[in-house]
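# structure for this input, please:
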Amino acid sequence: QVQLVESGGGLVQAGASLRLSCEPSGRALSNYVMSWFRQAPGKERDFVGTITSGSTTAYADSVKGRFTISRDNAKNTVYLQMNNLKPEDTAVYYCAASTPYRGFDYMDGSSYPYWGQGTQVTVSS
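Below you'll find the predicted structure:
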């Protein structure tokens, strides 16, 4: 069983930066696909970005060029660097993990068996 813990959320003004962290308990993450999702109040959970075990990344169009996902396997931690934050980035951000499998869709939250509890990011205008 993998338990994920996110941290780093907070309240910031538009244009500011935040870095979220995702750390597991119980297992090394080096072989896992790690992704970030977010859910704003009253909205569905949306894909934000992903990083493979080989550190290939992909992002939602809404965050491309502003957000960067990285992983430090030595620290067993995945990061989401968020720059130039906008009010529409306000959401609870979740970290998710999965080993790849046939039919795995990294953009589909239902593909991931392991999730963190979420961390709130609020961006004021």
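# okay, CA-based contacts and neighbour counts for the rest of this
Will do.
# what segments of this structure are strands?
3-7, 10-13, 18-25, 33-39, 45-51, 57-59, 67-72, 77-82, 91-98, 114-115, 119-124 (DSSP state E).
# relative to Asp108, which of the ones you listed is closest?
strand 45-51 (7.2 Å; Cα to Cα).
# can you list the strands that that closest one pairs with?
Strand pairing for strand 45-51, determined by DSSP bridges: strand 33-39 (antiparallel), strand 57-59 (antiparallel).
# center of this structure - which residue?
Trp36 (2.1 Å; Cα atoms, centre = their mean).
# residues near the nearest residue to it once chain neighbours are set aside, how many?
Distance criterion Cα to Cα, 6 or more residues apart in numbering; nearest residue to Trp36, sequence neighbours excluded, is Cys95 at 4.7 Å. Cys95 has 31 neighbouring residues, counting by other Cα atoms under 10 Å.
# circling back: TSV please, covering the strands of the chain and showing distance to Tyr106 and mean pLDDT.
What follows is the strands of the chain, written out as TSV (distance: least, Cα to Cα, whole Å; pLDDT from 0 to 100):
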stretch	distance to Tyr106	mean pLDDT
strand 3-7	17	94
strand 10-13	26	98
strand 18-25	17	94
strand 33-39	7	97
strand 45-51	7	98
strand 57-59	9	98
strand 67-72	14	96
strand 77-82	16	97
strand 91-98	9	97
strand 114-115	13	96
strand 119-124	20	98
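# which one of the ones you listed lies nearest to Phe104?
Phe104 lies closest to strand 91-98 among the strands of the chain, at 9.0 Å (Cα to Cα).
# just name whatever secondary elements the closest one is in contact with.
The helices and strands touching strand 91-98, judged by 3 or more Cα pairs under 8 Å, 6 or more residues apart in numbering; DSSP states H and E, are strand 3-7, strand 33-39, strand 114-115, strand 119-124.
# so which of the ones you listed is the most packed in?
Highest mean neighbour count among the helices and strands packed on strand 91-98 (mean count of other Cα atoms under 10 Å): strand 33-39, with a mean of 24.
# count of neighbours near the residue nearest to Leu20 when sequence neighbours are not counted?
Using Cα to Cα, 6+ apart and skipping the chain neighbours, the partner closest in space to Leu20 is Gly8 (4.5 Å). Each residue near Gly8 was counted by other Cα under 10 Å, and the total is 14.
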